[in-house]
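Asks: structure, please.
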Amino acid sequence: MFFRVKKSGPRSYLQIVENRWQEGGSRQQVLTTLGRLDQLQSSGQLDALLGSGARFAQKVLLLTEHQRGRLPVVRVGRIGPALVFERLWEQTGCREVIEQLLEGRRFEFAVERAVLLTVLHRLFAPGSDRAADKWKADYRINGCAELQLHQLYRAMAWLGEELPDEAQATRTPFAPRCTKDLIEERLFARRRDLFTQVEVVFFDTTSIYFEGAGGETLGCYGHSKDHRPDEKQMIVGAVLDGDGRPLCCELWPGNTTDVTTLMPILDRLRRRFDVRRVCIVADRGMIRRETVEDLEQQGWPYILGARMRAQKEVKAEVLPRAEAGRWRVVHPKSPDSKDPAPLKVKEIWIEDRRYVVCLNEDEAAADRVGRETIVAALREQLRRGDKALVGNKGYRRYLKREGEGRFAVDEAKIVEEARYDGKWVLRTNTNISTADVAIQFKRLWMVEQWFRSCKSLLETRPIYHQCDETIRGHVFCSFLALLLRHELQARLAARGRHLEWADVIQDLDRLQQVEVEQDGTRFLLRSELSRHAGKVLQAAGVAIPPTVQQLD
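Replies: Residues are numbered from 1 along each chain as shown. The predicted model follows:
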C-alpha cells in the first residue's frame with residue numbers, strides 16, 4: 001500500500017492505494033480517499049494520522065528516535081568493504097586456498113582473517129600493517145576484531161615464507177619459492193578447466209624503494225624508476241593474462257635488471273601454470289639482442305617495445321622508412337572521448353626482422369606543443385644568461401655548447417626530436433596483423449595500471465618490516481587486493497557498469513550499521529545507500545542488508 005495524490009481540476013486529493021494482481025497483471029485499487037491534500041496539511045490531520053500509525057511501525061519509530069538522538073548507540077561500524085570483498089574473497093577461492101595451506105600449522109590466531117584484513121585495508125586505506133591494525137576498529141569484519149598487530153606481522157611472514165628445498169624446483173635465480181607462489185598456483189588451478197588456455201601474457205617490472213634497510217637481501221641499490229637512487233629498493237614484476245587478470249607477481253632484490261628477468265619468468269610460467277605457448281608482450285626495457293635470440297630459439301612469440309632513440313637499427317633505418325608511404329588507420333580520430341585514441345600503423349621489415357611503427361596523432365600534437373613550450377622558455381632564459389640552464393633536464397636536451405662556457409639552442413636536436421612525436425616502435429616475430437600487434441601492445445597499460453595501483457596501495461612502504469619474508473608478504477597482499485579489484489570491475493563491466501574506482505571505494509566506505517538499544521533489545525540500523533553502492537552490491541551478488549534488523 002502507498003499514498004497517491006489524485007488531481008481533480010485545481011484540487012489534489014490524498015488516496016491510499018493498493019497494488020493487486022488481477023487478470024495476469026498488476027492493478028491499482030483505491031482503498032480510500034482521505035480528503036483534500038491542502039486541507040489535511042493545513043489542519044494538521046495528516047501529521048496526526050501518520051504519528052498515530054507510526055506507533056505500529058517499529059522500524060519507522062526506531063529510525064525516527066535514532067535521528068532525534070534518543071536511542072543509546074552501542075557501536076557504529078562500516079560494513080561496505082566486508083560485504084562486497086569478503087564475498088569475492090570466498091568466490092575467487094582465496095579463503096579456501098589459504099585455509100588449505102594452513103592445515104597442520106599451529107597458529108594460535110586466524111591467519112586467513114589477518115590476511116583478509118590486510119587486503120581490505122590496502123583497497124580502502126593503503127598503508128602499513130600498523131595502520132591496518134588501527135583501521136579495523138571502525139569496520140565490521142567477521143573474525144578480525146581480536147587480531148593484534150604482531151599477528152598481522154606473523155601472517156605477512158607466513159605469506160613470504162620460503163618453501164622447503166624439495167619445493168624450490170621452479171625458483172628463479174633472483175628469489176626463492178614462497179608460500180605466496182603456492183597461493184597463486186592454486187588460485188589459477190581453481191578457475192582452470194579444459195578450455196582455459198593462457199594465450200597472451202603481459203609482463204613488466206617496477207621498483208619500490210624503502211626508507212629503511214629493506215630486509216636482509218631484498219633491499220639493494222639499483223636503477224630506481226621512482227628517481228630515488230639514494231634509497232635501497234626492491235623490484236616487483238607482474239604477469240597478467242590476456243583478460244587483465246593478475247596471474248602472479250615476482251619479488252626480487254633491487255639490483256635486478258629488467259633484461260635478465262624475462263627468460264627466467266617464461267620458464268617459470270611454463271612449469272608453474274602449464275603454459276605451453278603464449279605471446280609475450282613487454283615494454284622496451286625488456287628488449288636486448290640476447291633476449292630476442294633466446295625467445296626465438298625457444299619458440300616464444302613476442303611483441304616487445306623498442307628503444308627508438310637508443311637502438312641504432314630503429315633510429316637509422318626503421319623510422320626513416322616509416323616517414324615514406326601511407327599509414328594504415330586502425331582507429332580514426334574521433335570527437336567522442338569514449339572512442340579509442342587515434343592510431344595509425346606501418347609495417348617495416350629489416351631483412352627478416354619485423355617492426356611495427358605506431359602513431360597517435362593526439363600524442364604527437366601534445367609532444368610538439370610541449371617541446372615548443374620548453375624551447376620558447378629556453379630561448380628566453382638564454383637572453384638572461386645561461387649558467388643555470390645545464391642543470392635543468394628539460395632544457396639540457398636542447399642545448400649545445402658554443403665556444404668557451406657558452407650555450408645555444410641546438411636546432412638540429414629540435415628537428416630530430418620531432419621525428420619521435422606520438423610514435424612508438426614494436427619488434428615482433430608473430431604473423432598477426434600490424435593492427436593487432438599495436439592493439440595488443442597498447443593493452444600493456446593494464447600492467448602499468450597494476451603498478452600505479454600497486455604503488456598507491458604501498459603509499460606507506462613496508463619500512464616497519466626488517467625481514468625478507470614479511471616484506472614479501474606485505475607486497476603480496478597488494479597483489480591479492482588487485483585480484484579482488486579486477487574481479488569486481490569485471491562483474492560490473494558484465495552488467496554494463498563502468499564506474500570510477502574511487503567512487504566505488506568511497507560509496508562502499510560510507511555504508512554503515514549503527515547498533516542501538518531500545519527497551520533492552522538491540523537493533524542494527526543501516527545507513528542509506530549512496531550513489532553506486534547498490535549497483536556494486538548487486539554486481540558482487542550481495543543482498544542489501546535490511547534498514548532495521550533486530551539482534552537475537
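
Asks: buried residues in the longest helix anywhere in the chain?
Replies: Ordering each helix of the chain by length in residues (DSSP state H) puts helix 468-494 first. Residues of helix 468-494 classed as buried: 468-489, 491-492 (neighbour count, 16 or more other Cβ atoms under 10 Å). For the C-beta atoms, the positions are set from N, CA and C on the backbone; glycine is no exception.

Asks: what packs against the strand or helix carrying Cys248?
Replies: With secondary structure defined by DSSP states H and E, Cys248 is part of strand 246-253. Contacts defined by 3 or more Cβ pairs under 8 Å, 6 or more residues apart in numbering; DSSP states H and E place strand 246-253 against helix 179-191, strand 233-241, helix 262-273, helix 468-494.

Asks: parallel or antiparallel, list what pairs with it.
Replies: Partner strands and pairing direction for strand 246-253 (DSSP bridges) are strand 233-241 (antiparallel).

Asks: buried ones in stretch 157-176?
Replies: 157-162, 171-172, 174-176.

Asks: point out where the stretch 151-300 of the chain drops to low pLDDT.
Replies: 193-199, 211-212, 226, 258-259, 275-277, 284-287 (pLDDT under 70).

Asks: mean confidence for the longest helix of the chain?
Replies: If you average the pLDDT over helix 468-494, you get 90.

Asks: toward the C-terminus, what is the element adjacent to it?
Replies: helix 501-509.

Asks: so where do the strands sit in the stretch 51-200 of the chain?
Replies: Under the criterion DSSP state E, counting those that start in this stretch, the stretch 51-200 of the chain contains strands at 73-78, 200-209.

Asks: of those, which stretch is the most buried?
Replies: Neighbour counts (mean count of other Cβ atoms under 10 Å) averaged over each of the strands of the stretch 51-200 of the chain peak at strand 200-209, with a mean of 22.

Asks: run the chain-centre distance for that one.
Replies: Centre-to-centre, strand 200-209 and its host chain are 14 Å apart (Cα atoms, centre = their mean, to the nearest Å).

Asks: partners of it, with directions?
Replies: strand 233-241 (antiparallel), strand 279-282 (parallel).

Asks: in this structure Glu515 contacts Arg526, no?
Replies: No: with contact defined as Cβ atoms under 8 Å, Glu515 and Arg526 do not form a contacting pair (10.9 Å).

Asks: how close does the closest residue to Leu480 other than its chain neighbours sit to Gly299?
Replies: Beyond its immediate neighbours in the sequence, the residue positioned closest to Leu480 (Cβ to Cβ, 6 or more residues apart in numbering) is Val119, lying 4.9 Å away. With distances taken as Cβ to Cβ, to the nearest Å, Val119 is found 38 Å from Gly299.

Asks: excluding chain neighbours, what is closest to Met156?
Replies: Gly473 (3.3 Å).

Asks: same question for Ile280.
Replies: Nearest residue to Ile280 in three dimensions, chain neighbours excluded: Tyr302, at 4.5 Å (Cβ to Cβ, 6+ apart).

Asks: just the pLDDT for the one you found.
Replies: 85.

Asks: look up phi and psi at Arg309.
Replies: phi -90, psi -30 (degrees, to the nearest 10).

Asks: distance check, it against Pro229.
Replies: Distance from Arg309 to Pro229, by Cβ to Cβ: 21 Å.

Asks: tell me where the stretch 401-550 of the chain has strands.
Replies: All strands of the stretch 401-550 of the chain, identified by DSSP E, counting those that start in this stretch, fall at 407-409, 423-428, 512-518, 521-526, 548-550.

Asks: and of the buried residues of stretch 157-176, the nearest to Leu102?
Replies: Leu102 lies nearest to Trp158 out of these, by Cβ to Cβ, at 8.1 Å.

Asks: right, and that closest one touches Val111 too?
Replies: Yes: under the criterion of Cβ under 8 Å, Trp158 makes contact with Val111 at 6.1 Å.

Asks: so what sits against both of these two?
Replies: Residues touching both Trp158 and Val111 (Cβ atoms under 8 Å, 6 or more residues apart in numbering): Arg105.

Asks: could you list the low-pLDDT ranges of the stretch 351-500 of the chain?
Replies: Using pLDDT under 70, the stretch 351-500 of the chain drops low at 384-394, 403-405, 445-465.

Asks: again, 80 this time
Replies: Within the stretch 351-500 of the chain, the ranges that satisfy pLDDT under 80 run 381-397, 399, 401-407, 443-466.

Asks: which pLDDT does the model give Ala82?
Replies: 91.

Asks: next, the contact list for the nearest residue to Cys248 once chain neighbours are set aside, please.
Replies: Nearest non-adjacent residue to Cys248, counting by Cβ to Cβ, 6+ apart: Glu184, 4.4 Å away. When the contact criterion is Cβ under 8 Å, 6+ apart, the partners of Glu184 are 247-249, 272.

Asks: determine which two of those residues are furthest apart.
Replies: Largest separation among the contacts of Glu184 by Cβ to Cβ: Cys249 and Arg272, giving 12.4 Å.

Asks: which of these two has more residues huddled nearby?
Replies: Cys249 (23 against 19; other Cβ atoms under 10 Å).

Asks: show me the contacts for the closest residue to the more buried one other than its chain neighbours.
Replies: Of all residues not flanking Cys249 in the chain, Phe479 sits nearest, at 4.5 Å (Cβ to Cβ, 6+ apart). Shown in contact with Phe479 (Cβ under 8 Å, 6+ apart): 180, 238, 246, 248-249, 454.

Asks: closest to Ile350 among those residues?
Replies: Nearest member of those to Ile350, counting by Cβ to Cβ, is Ala238, at 31.1 Å.

Asks: doesn't Ile208 make contact with the closest one?
Replies: No: Ala238 lies out of contact with Ile208 (Cβ under 8 Å); the separation is 11.9 Å.

Asks: can I take it that Gly35 is in a strand?
Replies: Yes: if the criterion is DSSP: H, G, I helix; E, B strand; the rest coil, then Gly35 is within a strand.

Asks: and it, how many neighbours?
Replies: Other residues near Gly35 come to 14 when the count uses other Cβ under 10 Å.

Asks: and what of the one 4 residues further on?
Replies: Taking other Cβ under 10 Å as the criterion, the count of residues near Gln39 is 14.

Asks: tell me how far it lies from Gln466.
Replies: Applying Cβ to Cβ to Gln39 and Gln466 gives a distance of 77 Å.

Asks: swap in Trp424?
Replies: From Trp424 to Gln466 the distance is 42 Å (Cβ to Cβ).

Asks: looking only at neighbour counts, state which of the two leads.
Replies: Neighbours were counted for Trp424 and for Gln466 using other Cβ under 10 Å; Trp424 has more, 19 against 14.

Asks: for the more buried one, which non-adjacent residue is closest in space?
Replies: Per Cβ to Cβ, 6+ apart, closest to Trp424 is Cys358, 5.2 Å.

Asks: name the helices or strands packed onto the helix or strand containing the one you found?
Replies: According to DSSP H and E, Cys358 maps onto strand 353-359. For strand 353-359, the packing partners by 3+ Cβ pairs under 8 Å, 6+ apart come out as strand 343-350, strand 423-428, helix 434-442.
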